[in-house]
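Chemist: Give me the fold of what follows.
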Amino acid sequence: MPEHSNRARLARRYRRLLLTYPRSYRHRHGAEIVTTLLDAAAADGDRPSRSEVVDLLTSGIRFRFRVWGAAGILAAITSATFAAVALGAFGGYLGWQTAPPLPSNAEVLRMVEPALPPGASAQPQRWDFIFDDNPEYTDPRWAYLVGGTDEYPAGKVFFQFTYPYDKPPQQVVAGADKQLRAAGWQPADRQMSGCCPETALHRNGWLVEVFSEGHLDESHYGLQIAVARTTPAAVLPLTTAGLLAGGLAGWLVAAWAFRHIQESSPARRALVVAVFGAGLLALLPATALSTLTLTASYFTSHHPTEPAWVGYTFIFFRPLAYLGAAAIVGGLPLAKLSTPSRRGPLTA
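Modeler: Numbers count the residues shown, from 1 in each chain. The predicted model follows:
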C-alpha cells in the first residue's frame with residue numbers, strides 16, 4: 001500500500017496549499033482541483049512540484065485580493081486608503097513612543113542660554129508628555145478622550161518673556177536666531193513676517209523654538225523660547241510600514257466583504273453597503289486631517305508640527321471616528337451573514 005499512502009500524503013499537501021484561497025472558493029472547487037492535480041502527478045509522488053507550490057500560493061493570494069466591477073474596485077481603493085492612513089498614523093504613534101524624556105531644567109537653560117534676554121531669570125515651565133491635550137484647558141479628562149481637542153501640542157520645556165513695543169519682535173527673534181546659530185544650532189524653520197515671527201533650530205535630537213506670542217496689552221508682546229523633541233528616527237519607518245500594512249489589509253477586507261455579499265439578497269446587500277458607507281463617511285474628517293499631517297511628516301522631520309494621528313484626536317472628529325470604526329466592525333459580521341452557509345470537504 002505504499003502508493004496509496006503516497007497519494008494520501010500528496011492530497012493532504014495540496015489541500016494545505018489551497019488554504020491560500022478563500023474558504024468559499026475551496027468549498028466550490030477544492031475537491032475538483034485536488035483531483036485534477038492528483039491525476040497529473042507522478043504515480044509514486046508524495047510532494048507537490050515546486051512549480052505547483054508557487055502557482056497555488058500565488059494564485060490563491062491573487063484571488064483573495066480580487067474584486068471586479070467599478071463598484072468593487074472603488075470600494076477596495078477607498079477601504080485601502082482609509083486603512084492605510086489609520087495604520088500609518090498608528091505607526092507614527094508607536095514611533096513617537098521611542099522619544100527620550102525632556103531634558104532637565106538645568107540642561108534646558110544651558111541649551112537656550114544664547115537666546116535668553118540679558119539678565120533673564122524666568123522659571124521654565126514643563127509639559128512632560130509627547131503629545132497631549134493643552135494642559136491649560138480645564139475640561140475633565142474624559143471630555144478630551146470622548147470629544148477630542150482643538151489643540152494637541154508637543155511636549156516641551158519653555159520660558160515666557162514680556163517685551164515692550166520699542167523692541168520689535170522681528171528684531172528680538174532674529175537676534176536669538178543669530179546667537180543660537182553661532183552656538184552650533186542648525187536651522188530647521190524660519191518665518192519672520194507678520195505679527196508673530198518665529199524661528200526653530202535643531203541639534204542632537206532637540207529643537208529650540210523662539211517665537212512671538214503676539215500682543216499682550218497696549219504696550220507689550222509676549223515671547224516664548226522652548227526646547228522640544230525632534231522627530232525620533234523610528235517614526236518614518238514605522239509610519240511607512242503602517243501605510244503599507246494598512247493598504248493591504250484594507251484591500252483584503254474590502255475584497256472579503258465584496259465576495260460575501262455577492263450571493264445575498266439585494267436588500268441585505270444594500271444594508272451592508274449602507275453600514276460600511278456610513279462608517280467610512282464618519283471616518284472621513286479624521287482620515288482627511290491625518291492624511292495631511294502624515295504627508296507633512298515626511299518633509300518636516302526636524303520641526304514636527306502636528307503628529308500623524310492628530311485627526312483622530314481633533315474635536316468632533318474623534319467621536320465621529322469612534323462611530324465610524326464601530327460601524328465598520330459591526331458591518332463585518334453582517335457581511336459574513338450575507339453568505340449562505342455551505343459545507344464541504346475542505347473546511348478550514
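Chemist: And the strands in the stretch 101-250 of the chain?
Modeler: Listed in chain order, the strands of the stretch 101-250 of the chain (DSSP state E, counting those that start in this stretch) span 125-131, 154-164, 186-191, 198-203, 206-215, 220-229.
Chemist: what's the closest of those strands to Ala11?
Modeler: strand 125-131 (54.9 Å; C-beta to C-beta). For the C-beta atoms, the positions are set from N, CA and C on the backbone; glycine is no exception.
Chemist: Show residues contacting that closest one.
Modeler: Strand 125-131 has contacts (C-beta atoms under 8 Å, 6 or more residues apart in numbering) with 96-97, 99, 101-102, 105, 135, 152-160, 229, 307, 310.
Chemist: which is the next helix or strand following the helix or strand hosting Arg16?
Modeler: According to DSSP states H and E, Arg16 maps onto helix 2-17. Once the chain leaves helix 2-17, the next helix or strand it forms, by DSSP H and E, is helix 23-40.
Chemist: That next one - contacts with which helices or strands?
Modeler: Helix 23-40 is packed against helix 2-17, with contacts defined by 3 or more C-beta pairs under 8 Å, 6 or more residues apart in numbering; DSSP states H and E.
Chemist: got the angle between the helix it packs on and helix 23-40?
Modeler: Here the directions of helix 2-17 and helix 23-40 differ by 150 degrees (axes from the mean of the first three to the mean of the last three C-alpha atoms, to 10 degrees).
Chemist: For helix 2-17, what does the pLDDT average out to?
Modeler: For helix 2-17, the mean per-residue pLDDT is 76.
Chemist: for the chain, which spans come out with low pLDDT?
Modeler: Residues of the chain meeting the criterion pLDDT under 70: 1-4, 43-45, 119-120, 301, 303, 338-348.
Chemist: Quick one: distance of the longest helix belonging to it to the chain centre.
Modeler: The helix that spans the most residues within the chain, counting by DSSP state H, is helix 266-297. Averaging C-alpha positions (C-alpha atoms, centre = their mean, to the nearest Å) puts helix 266-297 15 Å from its chain's average.
Chemist: next helix or strand past that helix?
Modeler: Proceeding N to C from helix 266-297, the next assigned helix or strand is helix 317-337, under DSSP H and E.
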